[in-house]
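[1] predicted model and sequence below, questions to follow.
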Amino acid sequence: MRKLFSFLVGAILGALVGATLALLLTPVPGKDLQAQMQDRVRFIQNEVKGAAAARRTELEKQLAEMRTPRKPE
């Protein structure tokens, strides 16, 4: 149990130090970085929505094909 606790404390401290260094050493000001991150998030959201819509259309088409009765040969 003590080893797990020590590992978790080390992981949390490492993450905090890493995040702090990343923010301090970033080559752009905070507002610009925030705007860039928001743009990236919006881009990813739009990509996911587009992919989901395309997949939904494809699945609806397949479902419609499965529902139509086939004529015996």
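    Looks like it arrived, so ask away.

[2] biggest helix in the protein by residues?
    The helix spanning the most residues in the chain, taking DSSP state H as the definition, is helix 30-67.

[3] so which bits of that one are buried?
    For helix 30-67, a neighbour-count test (16 or more other CB atoms under 10 Å) marks nothing as buried. C-beta here means a position set from N, CA and C on the backbone, and glycine is covered the same way.

[4] what mean pLDDT does it get?
    Per-residue pLDDT over helix 30-67 has a mean of 93.

[5] then stretch 2-17 to PDB, C-alphas only?
    Taking C-alpha atoms only, stretch 2-17 is exported to PDB below (Å, rounded to 0.1, in the frame of the first residue of the first chain):
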ATOM      1  CA  ARG A   2       2.800   2.400   0.800                       C
ATOM      2  CA  LYS A   3       4.500   1.800  -2.600                       C
ATOM      3  CA  LEU A   4       1.200   2.600  -4.400                       C
ATOM      4  CA  PHE A   5       0.800   5.800  -2.400                       C
ATOM      5  CA  SER A   6       4.400   6.800  -3.100                       C
ATOM      6  CA  PHE A   7       3.900   6.100  -6.800                       C
ATOM      7  CA  LEU A   8       0.700   8.100  -6.900                       C
ATOM      8  CA  VAL A   9       2.300  11.100  -5.100                       C
ATOM      9  CA  GLY A  10       5.200  11.000  -7.500                       C
ATOM     10  CA  ALA A  11       3.000  10.800 -10.600                       C
ATOM     11  CA  ILE A  12       0.900  13.700  -9.400                       C
ATOM     12  CA  LEU A  13       3.900  15.800  -8.600                       C
ATOM     13  CA  GLY A  14       5.500  14.900 -11.900                       C
ATOM     14  CA  ALA A  15       2.400  15.900 -13.800                       C
ATOM     15  CA  LEU A  16       2.200  19.200 -11.900                       C
ATOM     16  CA  VAL A  17       5.900  20.000 -12.600                       C
END
